[in-house]
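Visitor: 3D, please:
(chains A and B)
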Amino acid sequence: MKKILAIALVLCMVFAMSATASAADTIKIGMVTDVGGVNDQSFNQFAWAGLQDLAKEDPTFEVNYLESKTDADYQTNINTFIDEDYDLIITVGYMLADATREAAIDNPDQKFAIVDDATNADLENVACLTFAQEQCSYLVGLIAGYMTQSKTVGYVQGMVSDTMNLFGVGYISGVLEACPDATVLQYNANSFIDTAGGNTAAKDMITKGADVIYHAAGGTGVGVMNACAEAEIWGIGVDADQAAVLNNDWIISSALKDTGAGCVAIAKDLKAGNFQGGEHHYSLADGAIDFATTGDHIPADVLEKVNAAKEAIIAGDLVVPTSTADCPTFTLG
Amino acid sequence: MTKKKGFLDLISENRFIHILLSILLGFVVGAIFLAVMGLSVGAAYGRLINSVTSLKGFSYVVVYAVPYIVAGLSVAFSFKTGVFNIGAEGQFVVGSMAAVVTSIFGASLPKPLLIPLCFLAAMAAGAIWGVIVGVLKTKWGINEVLSMIMFNWIAFYLSNFIAGIPAIKNEGTAEATKNIADNASLLFSKDFIKSTGLAPTANWGFIAAIVATVLIWFIIEKTTLGYELKAVGSNKFAAEYGGISVNRSILTALAISGALAGLAGALQVMGMGKRISIFTSQEGFGFAGIVVALIGCSNPFGVLAAGMFYGALMYGGSKLNLEGVPTQLINVIVGTVVFFIAISVIFANLKRLKGRAAVKKSDAKEEKK
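Guide: Numbers count the residues shown, from 1 in each chain, chains lettered A, B, ... in the order given. Reported below is the predicted structural model:
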């Protein structure tokens, strides 16, 4: 018994000897993930990868993340960073909008940034990082429109919301630009995790003649991409370069959205002393949005046209619609 | 014959020491994992302890512990009465959804009316969820473990469905329900939290958890109902012979257990949660209740302590990343603790084998004489 007690006491002493020290001139950046976690192969992961690269490149930045297990953890995690005197707290995803808003109002001197949310743009201490996902969706829409032979393409969306609808509006506009009499089969999976459901929806589209399918549906989309590979038709990925990530040779391109670029830009602003609240919009022009060419499946003539459209968008000569009203073919919204 | 008490006797006779030892082993195994990964044991465990010992940290622990304690009571109660309520997860979910829906439609009611109403709705929803499974078991003999696991998923998708109904769905962009009505919130006032330095989510839920603990202890130990339920749990044939209706007891036990899990859900959402998101995976409060009930030896007061321990691990563990330690360390520790508690059967058997061997030896000696 005495032995157990002695061991316990020794262990207690070891625990108590923790040291936390940090130099005064470091800039501490804390990132709070949503329930997807830091390895979600989507916005959480890219944001974290961007911040890690930043810290490697410039050692004055100290970066850290906290993962949220449930919806109720957001507030706790944000407050942990506030208690630890972090200079900037980046919250990833619109699910954290309410928690971020509450913390930002309670702590007016604390700086925040939130990915994929514009509802907090009225607060001076919150930078809202939004991305022109309609632009990359438009470009892959062009690819789909030029590639389709059946003049039928598919689209699977994870959820209907203003942010998500931008993917569909951009994609359909692109398809119709490249192939004006194409039919776009659309499906709202109402889930970002339903791989089996995505697979079924894609197979259904394939039987209806679709020969290119794009998804903006996270994990649900993995099922879509699998169905495409099985049927040997082209799939188009989203967020990440999914041809590489999923190791799928039937993914012709992916609509890339690098949340990390936005996080890094706002961190650099902070270091330079000109952090500003409000909406920060990232687009093709700054490289946060792009399309993937992994696998070199895109024919040279198509690639040329898509690159020309990309240049036109960057130059401002081509404006991709951002509202469902401008794209009557989009039926999910 | 006086025999010196050995180590095995000590831990097989004293549940308390056995549990403490299991917890200690959990931390030792955690430390081994840390060492293998080349991480500092001191930094990790230091962070764990520092973050739960301040006033603010402790209030966080209490906030985190409340749903675990009540979900733990739910499972512990079912253990005592011979059914294994693995369905606490689903009962928790329907309970929290019932509380949210009640608060949204009753938002204009005054606080003293709305809060009990939300509790009642949550407990009723949890109880119904438990009783359905009970009826399946008593009427058609369907194994409750199987149907409960299925009912967890039914609750999961039902909750996602309800959260998407326009009258319930969040007005903003979030894929979640509206926030619960202010009058249904258990949170302390903002001024009080600011002046005392408590956690921003500090709330009255712990009172409900303590009341539930005492009440369940009272029911199990001091009432005829508790006696009957325990009798069925120990040996249902003997209980039936003694004139107790086994089927009715099972239904009652599942109703009470389900009501507790539902209450846990209400406490979570009316305390720190505020809303229910559209789930992408099970949040696991009900499953955590099983762990808490195991660590607490199914004793209500043990569950209270175990729930606090679990809450401390969850809150302290959430900060481990700041030390570069993966939060999964907590899963390693909890898993190890449960493992060592669960193998108590082996300790007991070892002791019996030892005893048998000793008897054989002495028998052999006697024969030689």
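
Visitor: so what's residue B:111 up against?
Guide: B:183-184 (CB atoms under 8 Å, 6 or more residues apart in numbering or on different chains). C-beta coordinates here come from the backbone N, C-alpha and C atoms, glycine included.

Visitor: what distance do you get for it to chain A?
Guide: Separation of residue B:111 from chain A (CB to the nearest CB, to the nearest Å): 21 Å.

Visitor: secondary structure element holding the residue of the stretch 51-200 of chain B found nearest chain A?
Guide: Proximity of the stretch 51-200 of chain B to chain A (CB to the nearest CB) peaks at residue B:173, 4.5 Å away. According to DSSP states H and E, residue B:173 maps onto no helix or strand at all.

Visitor: where does the stretch 101-250 of chain A come near chain B, residue by residue?
Guide: A:106, A:117, A:119, A:159, A:161-163, A:190-193 (CB under 8 Å from any CB of the partner chain).

Visitor: buried subset of these?
Guide: A:117, A:119, A:159, A:163, A:190-193 (16 or more other CB atoms under 10 Å in any protein chain shown).

Visitor: looking at the residues you listed, which one is closest to chain B?
Guide: residue A:193 (4.8 Å).

Visitor: surely that closest one meets residue A:218?
Guide: Yes. Contact criterion CB atoms under 8 Å: residue A:193 and residue A:218 qualify, at 6.9 Å.

Visitor: and for residue 301, the neighbour number?
Guide: This is for chain A. By other CB atoms under 10 Å in any protein chain shown, the residues close to residue A:301 number 9.

Visitor: nope, chain B
Guide: Around residue B:301 there are 13 residues (other CB under 10 Å).

Visitor: roughly how far does it sit from chain A?
Guide: 22 Å.

Visitor: ok, residue A:53 to residue A:329 distance?
Guide: According to CB to CB, to the nearest Å, residue A:53 stands 39 Å off from residue A:329.

Visitor: residue B:152 now?
Guide: 41 Å.

Visitor: quick one: which of these two has more around it?
Guide: In this view residue B:152 and residue A:329 are compared by other CB under 10 Å, and residue B:152 has more residues nearby, 21 against 15.

Visitor: list the contacts for that one?
Guide: Applying CB under 8 Å, 6+ apart to residue B:152 gives the contacts B:86-87, B:89-90, B:93, B:282, B:286.

Visitor: next one: phi and psi at it?
Guide: phi -60, psi -40 (degrees, to the nearest 10).

Visitor: which residue packs closest to it, ignoring adjacent ones?
Guide: residue B:90 (3.8 Å; CB to CB, 6 or more residues apart in numbering or on different chains).

Visitor: alpha carbons of stretch B:275-285, as PDB, please.
Guide: The C-alpha trace of stretch B:275-285 is given here as PDB (Å, rounded to 0.1, in the frame of the first residue of the first chain):
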ATOM      1  CA  ARG B 275     -28.300  24.200 -29.900                       C
ATOM      2  CA  ILE B 276     -28.100  20.800 -31.600                       C
ATOM      3  CA  SER B 277     -26.100  20.600 -34.800                       C
ATOM      4  CA  ILE B 278     -26.900  18.300 -37.600                       C
ATOM      5  CA  PHE B 279     -24.800  15.400 -36.600                       C
ATOM      6  CA  THR B 280     -22.100  14.100 -38.800                       C
ATOM      7  CA  SER B 281     -21.200  11.400 -36.200                       C
ATOM      8  CA  GLN B 282     -22.600  10.300 -32.900                       C
ATOM      9  CA  GLU B 283     -21.600  12.700 -30.100                       C
ATOM     10  CA  GLY B 284     -21.100   9.800 -27.700                       C
ATOM     11  CA  PHE B 285     -22.500  11.200 -24.400                       C
END
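
Visitor: residues of it that come out buried?
Guide: Neighbour-count burial for stretch B:275-285 flags B:275-280, B:282-283, B:285 (criterion: 16+ other CB under 10 Å).

Visitor: which element is residue A:129 on?
Guide: Using DSSP H and E, residue A:129 falls in strand A:126-131.

Visitor: chain center to that strand, what's the gap?
Guide: 12 Å (CA atoms, centre = their mean, to the nearest Å).

Visitor: now for the very next helix or strand once past that strand, which elements pack on it?
Guide: Proceeding N to C from strand A:126-131, the next assigned helix or strand is helix A:133-147, under DSSP H and E. Contacts defined by 3 or more CB pairs under 8 Å, 6 or more residues apart in numbering or on different chains; DSSP states H and E place helix A:133-147 against helix A:162-178, strand A:212-216, strand A:234-239, strand A:251-257, strand A:289-291, helix A:300-315.

Visitor: what do you get if the cut-off is 10 Å, keeping everything else the same?
Guide: Under the contact criterion of 3 or more CB pairs under 10 Å, 6 or more residues apart in numbering or on different chains; DSSP states H and E, the helices and strands touching helix A:133-147 comprise strand A:152-157, helix A:162-178, strand A:183-188, strand A:212-216, strand A:234-239, strand A:251-257, strand A:289-291, helix A:300-315.

Visitor: that helix versus strand A:152-157: what angle between them?
Guide: 160 degrees (axes from the mean of the first three to the mean of the last three CA atoms, to 10 degrees).

Visitor: average pLDDT across helix A:133-147?
Guide: For helix A:133-147, mean pLDDT is 96.

Visitor: mind checking which of the buried ones among the residues of the stretch 101-250 of chain A next to chain B land in helices?
Guide: Under the assignment DSSP state H, these contribute residue A:163 to helices.

Visitor: need the pLDDT of the residue of the stretch 51-200 of chain B closest to chain A.
Guide: The model's pLDDT for residue B:173 equals 72.

Visitor: name the residues of stretch B:219-234 that are buried.
Guide: In stretch B:219-234, counting by 16+ other CB under 10 Å, buried: B:219-220, B:226, B:228-233.

Visitor: try stretch A:310-320
Guide: A:310, A:313, A:320.

Visitor: check the stretch 201-333 of chain A for the residue nearest chain B and tell me.
Guide: Chain B sits closest to residue A:219 of the stretch 201-333 of chain A, with a gap of 8.2 Å, by CB to the nearest CB.

Visitor: check the spacing between that residue and residue A:166 real quick.
Guide: From residue A:219 to residue A:166 the distance is 20 Å (CB to CB).
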